[in-house]
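Asker: sequence and predicted structure below; questions after.
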Amino acid sequence: MAESSISFLVEKLGALVSQQASLFGVVEGQVRQLRNELEWIRQFLEYADAERRYDKMFKLWVNQIRDAAFDAEDVIDEFVFKLEHKRQQRFDNLKFLNFLPVCMGLPDKLPLVNELNERISAINITLEKILINKGRYGMEDLRAYEAGSSPSTASSSEPWKEKRLIPTTVEENNKVGKNDVEALKGKLLEGEMERGVVAIVGMGGLGKTTLAKKIFDDRDVQRHFDGDRAWVSVSQRFSIRELLLGIAHCVVTTLEEKQKHELGNHELGQEVYKSLQGKRYLIVLDGVWNTDVWRGLSSYLPAESNKRSRVLITTRNEQIAVDARSDYYKLQVLDKDKSWELFLNKVGSAAATWAGLEEFREGIVAKCKGLPLAIVVLGGLLSLKDLRLDSWRKVLKSMDWHLSQGPHSCLGILALSYNDLPSYLKPCFLYCGVFPEDSEIKASKLIILWIAEGFIQKRGKETLEETAEDYLSELIQRSMIQVANTSVDGRVKSCRMHDLLRDLAISEGKEEKLFEVDENIDVINGLPTSVRRLIINTHHQITSSPHLQNSNLRSLILNILPTSEGGDVILIQKCPKLLRVLHVNAMQTRSHFYMDLSRKMRELIHLKYLCLSGFCGMIIGLPPSIEGLVNLQTLDSGNRILRQSMRERWVYGHLDFDKMTNLQKLYLWSGDWLKDVNLNLGKLTSLKQLKLREIDPRSLEGLFQSVSQLTGLQNLKLMTNEDLSVKDVEYCRTMPVLGRLPNLRILILLWNSYVGEKMKCPQGGFLVLEFLQMQKLNQLEDFSIEETAMPNLKTLKIELCDKITRFPDGLLRLEKLQRLNLYEVPQELMNVVSDTPGEDWNRIRLITSYAFPQSMNLW
């Protein structure tokens, strides 16, 4: 996978030459020489066969090439950093003399250019020695290598062209048999009257989670458990608090999410108990590794004798099922016929009818050994191969070699499928391993991170987001990633990774030096400086980490795991200067987080992604110098309070984002800073997503004036203070302003971000809008859609709007509407939907649900 790192560097070298052409003399030749040599090496590595990747001599050679590439990246990034640092110093020294230029002249830059020339020359010499060693120690000559002669099973290097809507249910449903489903349903729906525990037991890759999910979504099961249902994924590093919060999110409706997070463990458990008491409930605990899970939770789940409630556990460990006194079901491997049936379903109709397929039946079935995960991963791999005997034989020959490396057939097939990935997909797959075990990964978040990390290269006229979405689709097609949730039009909203594949990603990520998990780093001989991306998973309070002293660190992903006790976490007063990604995520923790980024903020000129999420309370210090982060593409403070001290305002001036013209995604808790700052959002011409919370209602008029200039805006989400009335702020121009935005696809208005009794979507407005959510708009009584407005609307959600009694005028005309959700709306409106006759109304009834909103924290 070193070729992906080299590809990124080759592109960076090209950009450096074009952007800084005026700086170069001799150094330009050195940079071009390095770029050309790396391009040759990249082509060679892309086609190198899988067997050689495991050869010790070849691995040593590749590691040396990778290290040289990393050194070159460090040299370039440090050069750009020093150049910008010198410019800022000049600006600070001369800013009081407005008539003097602050740009740097050639004499200022010359020492840096000379240093760059020396360091690049040294890297070229090192690289030449590495290439000489390749021939000296018996490996064939690099330039004599012909790509067409490659024995590799890798897919074509051409990016995956065809855009597919992934059938999220077909593959998953066929991984489990009908007999398994019926047997489990019998255990859940029949039997003893008191609370019972049912367990699904089996080795990894057998489809335990898939079977449990199919049972959980079964209509008979949903009707039977008419009280509450909850699904909770259990990681190996679980905490009882984390599990209680997961259950509470599904069943406790009397408290807001913030209130739940503020409760202690016992109080939270009592709220869960009270919410389930007197109901027939179903709780799924997926992926239990420890007997302490059931022992810690059982007292909070009512065991009433006449309700026939059930707890469903999935586990690899039979002892856990016995300890919970469960009626357990041992999942068996598939027989030969069912294995082949699942394979045909995955490989696609064209291959299933191919005359040459029968030759491979016996070998495929034998090698997969009845494990559904192995079957669908292999099927996904072969579904992208040409229907030629030599192509399939090559794959199966390579599989024999992978299986010979270890006793576990499933792991061998997974390794084969990883090695078969084209070079552009490998870092994207491995990067999924940075997310916590069993977590549901938002597709939009994953795509943003892939782009910020430099994994997505420009492809024709497509945007980077479109290319990344294709990459995600191909990984799903190959069954390397599983779909967790989809939108109405079939687009992937979230995904997850099987734990065996995650283990593979973490192992290969370390091997390929893509990322490291802090607890896996050996620091006996000192802190390693080669770590480029670091993941820290911790329960503890942190003031600093020794790894932050690593000046080569490019990405820091910090997952603060749930603890039984709250507390303050103070983190990061200074970040490594070459950092590109900073992602801090508190997973359902009670901790309050204080983060002071004021110091040296403007030094982080390479930063592209800054996200701070998950805490119930946070204060972030941001200086005005944040405007110097000209490469920042995503700024996400989530539910966080931005703080700027009086001293910072006096010394530096007010916060200002309008110079950050590369900013594409801005998510902030607005607070007082919005009205205090002369903020012109209209200058953020690249902005695609804007989410603002706690907006002062008096700022709304000016805010919408700025928003009207954001012609590239695709996603807008707003939330104001809760207690408002029409007399607090009167404006009615919101919808006409928003309706003129040419690219707005998603509009979410929460908690009185629209104030008024009437909302009218103007004629010809919102031409590309696909999703509209209105939640807790307390004054809204009448919602109407004029003719030719919202022609592409697919989803409409009206939730917690207790004054809307009439069916929205014009809604029946929207032919593309596929989902209408009405939650906690007046009975009069529900009666109109349920009782009005006519064909159009029959269509509306088919697409209407009254479901509890997926996210009741309103953000």
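Answerer: Everything's here; your move. Residues are numbered from 1 along each chain as shown.

Asker: list the buried residues in stretch 325-340.
Answerer: S326, Y328, Y329, L331, V333, L334, K338, S339, W340 (16 or more other CB atoms under 10 Å). All C-beta atoms are positioned from the backbone trio N, CA, C, and that covers glycine.

Asker: so G370, which state does it fall into?
Answerer: At G370, secondary structure determined by DSSP: H, G, I helix; E, B strand; the rest coil is coil.

Asker: and it, how far from G202?
Answerer: Counting by CB to CB, to the nearest Å, the gap from G370 to G202 is 11 Å.

Asker: low-confidence ranges in the stretch 451-600 of the chain?
Answerer: Scanning the stretch 451-600 of the chain for pLDDT under 70 picks out 521-529, 539-547, 561-574, 587-600.

Asker: quick one, strands of it?
Answerer: 482-486, 492-496, 516-517, 533-538, 555-560, 568-571, 581-586, 592-596 (DSSP state E, counting those that start in this stretch).

Asker: I'd like those laid out as JSON lines, including mean neighbour count and distance to K214.
Answerer: Output for the strands of the stretch 451-600 of the chain, formatted as JSON lines (neighbours: other CB atoms under 10 Å; distance: least, CB to CB, whole Å):
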{"stretch": "strand 482-486", "mean neighbour count": "18", "distance to K214": "13"}
{"stretch": "strand 492-496", "mean neighbour count": "20", "distance to K214": "16"}
{"stretch": "strand 516-517", "mean neighbour count": "18", "distance to K214": "32"}
{"stretch": "strand 533-538", "mean neighbour count": "19", "distance to K214": "31"}
{"stretch": "strand 555-560", "mean neighbour count": "22", "distance to K214": "30"}
{"stretch": "strand 568-571", "mean neighbour count": "16", "distance to K214": "40"}
{"stretch": "strand 581-586", "mean neighbour count": "22", "distance to K214": "30"}
{"stretch": "strand 592-596", "mean neighbour count": "19", "distance to K214": "39"}
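
Asker: between these, which one is closest to L710.
Answerer: strand 492-496 (23.8 Å; CB to CB).

Asker: which outside residues touch that closest one?
Answerer: The contact list for strand 492-496 (CB atoms under 8 Å, 6 or more residues apart in numbering) reads 166, 168, 432, 438-444, 446, 469, 472-473, 476, 481-487.

Asker: just the buried members of those residues?
Answerer: 166, 168, 432, 438-439, 441-444, 446, 469, 472-473, 476, 481-484, 486.

Asker: among the residues you listed, which ones are in helices?
Answerer: A443, S444, L446, E469, L472, S473, I476 (DSSP state H).

Asker: surely the fifth one meets S444?
Answerer: No. Applying CB atoms under 8 Å as the test, L472 and S444 come out as separate, 10.3 Å apart.

Asker: now stretch 296-305: how far from the chain's centre is it?
Answerer: Chain-centre distance of stretch 296-305: 34 Å, with CA atoms, centre = their mean, to the nearest Å.

Asker: ignore the last one, stretch 704-717
Answerer: With CA atoms, centre = their mean, you get 24 Å for stretch 704-717.

Asker: return the set of buried residues in it.
Answerer: Quick answer for stretch 704-717 (16+ other CB under 10 Å): F704, S706, V707, S708, L710, L713, Q714, N715, L716, K717.

Asker: how about the residue nearest the centre of the chain, what does it touch?
Answerer: Nearest to the mean C-alpha position of the chain, by CA atoms, centre = their mean, lies L446 at 3.0 Å. By CB under 8 Å, 6+ apart, the contact list for L446 reads Y431, C432, L472, C495.

Asker: buried residues in the helix or strand hosting E46?
Answerer: Here E46 sits within helix 26-47, counting by DSSP states H and E. Under the neighbour-count criterion of 16+ other CB under 10 Å, helix 26-47 has 27-28, 30-31, 33-35, 37-38, 41-47 buried.

Asker: what do you get for stretch 288-308?
Answerer: Judged by neighbour count (16+ other CB under 10 Å), stretch 288-308 contains these buried residues: 288-291, 293-294, 296-297, 300-302, 307-308.

Asker: need phi/psi at the residue nearest to F783 when sequence neighbours are not counted.
Answerer: Leaving aside its chain neighbours, F783 sits nearest to P808 (4.5 Å; criterion: CB to CB, 6 or more residues apart in numbering). Per-residue torsions, P808: phi -50, psi 120 (degrees, to the nearest 10).

Asker: number of nearby residues for P808?
Answerer: For P808, the count of nearby residues is 18 (other CB atoms under 10 Å).

Asker: could you do the one 10 residues further on as well?
Answerer: Applying other CB under 10 Å, we find 15 other residues in the vicinity of Q818.

Asker: list the contacts for it?
Answerer: V488, D489, K794, T795, I847 are the contacts of Q818 under CB under 8 Å, 6+ apart.

Asker: derive a ChimeraX selection command for the buried subset of these.
Answerer: Remark: buried members of those, expressed as a ChimeraX selection using 16+ other CB under 10 Å:
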select :794,795
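
Asker: distance to T788 for the contacts of Q818 - can I get that in CSV?
Answerer: Output for the contacts of Q818, formatted as CSV (distance: CB to CB, whole Å):
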residue, distance to T788
V488, 22
D489, 21
K794, 17
T795, 19
I847, 21
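
Asker: quick check, nearest of the contacts of Q818 to I120?
Answerer: Once CB to CB is applied, the member of those that ends up nearest I120 is D489, at 48.3 Å.

Asker: from E770, how far out is the closest one?
Answerer: Counting by CB to CB, the gap from D489 to E770 is 7 Å.

Asker: overlap in contacts of these two?
Answerer: K794.

Asker: which residue packs closest to L703, ignoring adjacent ones?
Answerer: Closest to L703 by CB to CB, 6+ apart is I695, at 6.7 Å.

Asker: that neighbour and N265, how far apart?
Answerer: Distance from I695 to N265, by CB to CB: 35 Å.

Asker: quick one: which of the two has more around it?
Answerer: I695 (22 against 19).

Asker: where does that one fall, phi/psi-wise?
Answerer: phi -80, psi 130.
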